[in-house]
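Student: Predicted model follows, preceded by the sequence.
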Amino acid sequence: MTEHVISAESSPRKKLRLEGSTLNIAAGLLVFSAVFVFFSIKAPGFFTRINLIKNLLMPACIAAVISLGMTIVMNSGGVDLSISSIAGLAGLTSAAVSVVFDVGFFPMLVAALLIGALIGALNGALVAYGGISPFVVTLSVVFLAQGLQYLIALGAVSGTYLMLPREITRLGSQPYFVIGISALCVLFLYILMDRTVYGRYMRAVGTNIEAARFSGIRVRFFYWLSFVICGVYCAVGGILLTFSEGMSRVGSGESFLLDAFLLPILGNTIFGKFSVEGTVFGALFMYMIINGLFILGTPPEYIRIIKGGLLLAIILVSGIQKIRSGDEA
Amino acid sequence: MNFTKEFVQKYTVFIILIVLFVIFSIASPTFMQVDNLMNLLVQSTILGIVGFGLVMIMIAGEIDLAFAGVIPFEGAIFATLLTNGRPFWVAALSTLAIGLLVSYVISLLVTRLKLVSFVSTIAMMFLLQGIWYAYTGGKNIYLEDYFNRDIVFGLVGAVPRVVILFAVIFIILYFLTEQTPFGLRLRIVGEDPESARTMGLNPIVYKTAGFLIGGAIFAIGAFLSTARMSGALATAGANMLMPVMTAAFVGQTVLGMSRPNIPGVLLAALLLGMINNAFVLLRLPFWSVPIAEGLILIIAIYLTNINKRDVVQISM
C-alpha cells in the first residue's frame, strides 16, 4: 500500500491511476445514488422534504452519532459493547434530572454528558490501564448500566419510563435541532480525527500499538481517551433519542447496538479505514434502504433480515477485497 | 509479593463465590435448602451449556454470536414439528440438523472466505432472528399439550435430570478440551494458526470441528430453553446473548488461565446464577441484581488481571 503511494507520487502520469480506496468510494457513491434514484422513482412519497428529513435523516443522525463513538473505539483497536446501554442510561439521566430538579435544557445535557464520560472513562481505564480485554470490560459494564437505568427510573418516578416537559419534547421533535446537533458532533470529530495530531495518535495506536509506543505516543492514554469520547458520543445520541421520543424508558437505545457495528464496518469497507465520513455515509445509506423498503411495503419484521443481510454482504465484499489484495502482494 | 498476586489471580473467583455463598446462606434461611440449591443449578444450566458451546468455538480461535439467533429459530422448528404431530425424535433430530447446518455455513464463511467471525456471526444472528419472525409470523408457539416437561425437569432422587445432563456435558467437554490430543490441537489452532499449519495441523478442519461441536451444543441449549418455557418464544435468544457472552468471556479470566476454558464458564455461570437467585430470595430490589452482577464481575476481572500489563486490542 505504501509502495503504491510512493510510486504514484514519483511519476505524474501514474497519479491519474485510481487507487483502490478511491475506486471503492466512487463505487459506494454510485451505488448510493443509484438506490436513491430508484427509490425516488419507485417509492411514492420517498422524495419529499418531510420524508427525507423526518423519516430518513433524523433516525440516521441518531444512529450516526452513537456509531461515531464506536468508530473511534474501533479505530484505536477496541470494541465497546456497552454503547447502547450508555446511550439509554444517559437519556434516562437527563430525563430524571429534568423531572426531579425541574431544570431546563443545559443542566440535562451536562448531566447526560457527565454520565457518558464517566462510564466511558471506567471502560477505558479498565481496558487501557488494567490490560483487560475490551469485550470482558464492556460486557460487565452493560449489567452495571442496566441496573443504574432501573435504579434511576424507579428513583425518579415509580415506573420504567419518564415523560419529558413539553418544551423539551417540542425541541426534540424539531428536525433541525437533532440534525444540527448531530452535524456539530460530526464536524467536531472530523476535525479532531483528520486535522489534529490527537487523531493521528489514536489512529497510530489502532494501526500498530508497538510502533506507536516506540514513537513516544502515550498509547494507554490515547486508548483510554477513545473510550471516553465514545461514552460522550453515546450520551449525545441518547439525549437526541430521548428528546425525539419525548420520553425516556429503560432499555431505549438497545436497537442501536447492531447499527453501531454495522455502520463503522460499512464505512471501513468503503473508505478503507474507520473514519467519520465512512460512518456518516453508512448511516445515510442504511437508513435510506430501510426507509425506501418501508414505503414499498416491506413488513417491519423483515428489518432484521435486511440489516443482517446487509452486514453479511458488506463483510463478504471486504473479505473478497482482503483475499484479492493478499493475492496481489 | 509475586506469590500473592498469583494467588489472587488464581483463586479470586473461588473466594468471591464462597464468600457470597456464606453471606447468602446466613442472610437467607431458604438459600441453603436443597430445593433452592437445585433451583439455582437449574437456572445456571442453560446459561452454562450455551456458554460451553460458545467456549468450544472460542478455543478454536473464533467466536459465534449467532447462537442468539439460532436458539429461537431451532426452538421454533422444534415446536412446529411437535405441534404438527411429528414424533419427538424427528423434531429433536431436525433441530440438531438445522443447528449443524447453520454452524457449517458459518464455518465456511469464516474459514474459506476468511471473514471476521465476530462480525459475520452478528450478521447471522440478526438474519436468523429476522427469519424467526418471518417463519412464525411473530407469534410464540406454545407446547403445553405436546411436550411433557418432566422429560427434562423431572427428578432423579433429589437432582433434576437437567442438572445431571449439565454435569455430563461438563465432564465430557472438560476431558475433551483439557485431557485429549484433540483439545490440545484445537487450542493450538486457536492460539496460533500459522504455527499449527507448520506443525501439520489443518486449521480449517479444526475450526470447522469447533463450530460443529458448538452448533450441536447450541441445539441442546435450544431444546432446553424451549422445554423450560414450554414453547418457542421470541425472546429466547436475545435475552441470552449478554449473559452467555459474559459467562464465556469472564470464564476466560477467572482461573488466571487467560484463555477460553470450560471450568471457567461453569464458575462464571454459577456466580451469575447465584447472585440472581440470592437477590430474589433476599427480596432486594430488582435493580440491584444487574448492578451487583456488574460490580462483582468488574472486581473479579480486575483482580484476576492484576498482573497483566499488556493492552488488549481486537482487529475487526
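Tutor: Sure thing, it's come through. Here the structure is a predicted model, which is why all the values come from computation and not from measurement.

Student: What count of nearby residues applies to the closest residue to chain B within the stretch 151-300 of chain A?
Tutor: Per C-beta to the nearest C-beta, A:Leu151 is where the stretch 151-300 of chain A lies closest to chain B, at 4.4 Å. (C-beta placed from N, C-alpha, C; glycine too.) Neighbour count for A:Leu151, taken as other C-beta atoms under 10 Å in any protein chain shown: 20.

Student: Please, which helix or strand holds it?
Tutor: Secondary structure assignment for A:Leu151, by DSSP states H and E: helix A:134-156.

Student: Closest to the mean position in the chain, which residue would that be?
Tutor: No chain was given, so I picked chain A. A:Ser67 (0.9 Å; C-alpha atoms, centre = their mean).

Student: Please refer instead to chain B.
Tutor: B:Gly51 (1.4 Å).

Student: Centre of the chain to whichever strand or helix holds that one, how far?
Tutor: Per DSSP H and E, B:Gly51 falls inside helix B:34-59. Its chain's C-alpha centre and that of helix B:34-59 lie 6 Å apart, by C-alpha atoms, centre = their mean, to the nearest Å.

Student: For it, give the mean pLDDT please.
Tutor: Averaged across helix B:34-59, the pLDDT comes to 89.

Student: With stretch A:209-217 instead?
Tutor: 90.

Student: cool, and stretch A:289-304?
Tutor: 84.

Student: Is chain B within reach of that stretch?
Tutor: Yes: counting by C-beta under 8 Å from any C-beta of the partner chain, chain B is contacted by stretch A:289-304 at A:Glu301, A:Tyr302, A:Ile303, A:Arg304.

Student: B:Phe67 versus the first one, what's the distance?
Tutor: When C-beta to C-beta, to the nearest Å is the yardstick, A:Glu301 and B:Phe67 sit 21 Å from each other.

Student: which of those two has more neighbours?
Tutor: Using other C-beta under 10 Å, the more surrounded residue of A:Glu301 and B:Phe67 is B:Phe67, with 33 against 16.

Student: that older thread, as JSON lines, the residues of stretch A:289-304 next to chain B with secondary structure would be great.
Tutor: Converted to JSON lines, the residues of stretch A:289-304 next to chain B look like this (DSSP: H, G, I helix; E, B strand; the rest coil):
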{"residue": "A:Glu301", "secondary structure": "helix"}
{"residue": "A:Tyr302", "secondary structure": "helix"}
{"residue": "A:Ile303", "secondary structure": "helix"}
{"residue": "A:Arg304", "secondary structure": "helix"}
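
Student: Would you mind identifying the next helix or strand past whatever helix or strand A:Ser94 lives in?
Tutor: For A:Ser94, the element it lies in under DSSP H and E is helix A:83-101. Downstream of helix A:83-101, the first helix or strand assigned by DSSP H and E is helix A:105-124.

Student: neighbouring contacts of that next one?
Tutor: Helix A:105-124 has contacts (C-beta atoms under 8 Å, 6 or more residues apart in numbering or on different chains) with A:80, A:82, A:86, A:89-91, A:93-95, A:97-98, A:101, A:134, A:137-138, A:141, A:144-145, A:168, A:171, A:223-236, A:238-239.

Student: Lowest average confidence across helices and strands of chain B, where is it?
Tutor: helix B:150-153 (a mean of 74; mean pLDDT, DSSP states H and E).

Student: May I have the strands that pair with the next helix or strand after that helix, each with its orientation?
Tutor: As assigned by DSSP H and E, the chain's next helix or strand after helix B:150-153 is strand B:155-156. The strands that strand B:155-156 pairs with in its sheet are strand B:159-160 (antiparallel) (by DSSP bridges).

Student: Quick check: mean pLDDT of the partner strand?
Tutor: pLDDT averaged over strand B:159-160 gives 84.

Student: Who are the packing partners of the helix or strand just after that strand?
Tutor: For strand B:159-160, the following helix or strand on the C-terminal side (DSSP H and E) is helix B:161-178. Secondary-structure packing of helix B:161-178 (3 or more C-beta pairs under 8 Å, 6 or more residues apart in numbering or on different chains; DSSP states H and E): helix B:34-59, helix B:150-153, helix B:181-191, helix B:203-229, helix B:262-281.

Student: circling back to that earlier point, can you mark which positions in the helix holding A:Ser94 are buried?
Tutor: A:83-99 (16 or more other C-beta atoms under 10 Å in any protein chain shown).

Student: Would you agree the residue nearest to the centre of chain A falls within a strand?
Tutor: No: read with three-state DSSP, A:Ser67 is helix and lies in no strand.

Student: who's in contact with it?
Tutor: Here A:Ser67 is in contact with A:Phe256, A:Asp259, A:Ala260, A:Leu262, A:Leu263, A:Pro264, A:Thr279, A:Gly282, A:Ala283 (criterion: C-beta under 8 Å, 6+ apart).

Student: who wins for neighbours among those residues?
Tutor: That'd be A:Thr279 among the contacts of A:Ser67, by other C-beta under 10 Å, with 34 neighbours.

Student: pLDDT score assigned to it?
Tutor: For A:Thr279, the predicted pLDDT is 93.

Student: Enumerate every residue touching it.
Tutor: Counting by C-beta under 8 Å, 6+ apart, A:Thr279 touches A:Ala64, A:Ser67, A:Leu68, A:Thr71, A:Leu263, A:Pro264, A:Leu266, A:Gly267.

Student: And the pLDDT at A:Ala34?
Tutor: 91.

Student: if we can go back for a sec, closest to B:Asn36 among the contacts of A:Ser67?
Tutor: A:Phe256 (38.4 Å; C-beta to C-beta).

Student: what sits against the closest one?
Tutor: A:Phe256 neighbours (C-beta under 8 Å, 6+ apart): A:Ile62, A:Ala63, A:Ile66, A:Ser67, A:Ile83, A:Ser84, A:Ala87, A:Gly237, A:Leu241.

Student: How is B:Leu201 assigned, secondary-structure-wise?
Tutor: coil.

Student: What's the separation between it and A:Ser94?
Tutor: 54 Å.

Student: cool, A:Phe222 as well?
Tutor: A:Phe222 is 28 Å from A:Ser94, by C-beta to C-beta.

Student: With A:Phe39 instead?
Tutor: From A:Phe39 to A:Ser94 the distance is 35 Å (C-beta to C-beta).
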